[in-house]
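Asker: 3D, please:
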Amino acid sequence: MIASNEILVCAQIEFSALNLITYGLPILASLSLFLSKQGYLFSSILFSFGAILLYFIPSFTTVTTTLFDNVTPLNIDWLFGSGLIIALVLSIIGSISSLLLTILNRD
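Answerer: Here you go, the predicted model:
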């Protein structure tokens, strides 16, 4: 950001509710595993939806630049970074393990 007393140039990542939901689903899935004895199927569904949304997270993320009060969205070719890949793999592992627990704990 370059400025004296007012903002002349600014770039920012815009807030996206889908990004918040994407990172919240695996957390909710983990909590349902720990807090509920029969929450395996629900947890598997949440982990699966989380993995799908994690895969599409680059399309949800927008960056804008502001130059003299003119807001312009940037077109960025996002790449999957190591953090996103690790989150995706862990979400898939959580989904599969929750599904296996659902099958093994049938009454």
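
Asker: where do the helices sit along the chain?
Answerer: 17-35, 40-55, 57-60, 82-104 (DSSP state H).

Asker: By residue count, which strand of the protein is the longest?
Answerer: strand 7-13 (DSSP state E).

Asker: packing partners for that one?
Answerer: strand 2-3, strand 63-67 (3 or more C-beta pairs under 8 Å, 6 or more residues apart in numbering; DSSP states H and E). For the C-beta atoms, the positions are set from N, CA and C on the backbone; glycine is no exception.

Asker: Can you pull up the most central residue in this structure?
Answerer: Closest to where the C-alpha atoms of the chain average out (C-alpha atoms, centre = their mean) is T22, at 3.2 Å.

Asker: Please verify my assumption that that one contacts G50.
Answerer: Yes: with contact defined as C-beta atoms under 8 Å, T22 reaches G50; the gap is 6.5 Å.

Asker: State the number of residues packed around L67.
Answerer: Applying other C-beta atoms under 10 Å, we find 13 residues neighbouring L67.

Asker: Tell me what it is bridged to.
Answerer: V9, N70 (DSSP bridges).

Asker: show me the contacts for the closest residue to I13 other than its chain neighbours.
Answerer: In this structure, I13 finds its nearest non-sequential neighbour in V63, 5.5 Å apart by C-beta to C-beta, 6 or more residues apart in numbering. V63 is in contact with A11, Q12, I13, E14, P73, L74, I76, counting by C-beta atoms under 8 Å, 6 or more residues apart in numbering.

Asker: for stretch 68-83, which positions count as buried?
Answerer: For stretch 68-83, burial by neighbour count (16 or more other C-beta atoms under 10 Å) applies to no residue.
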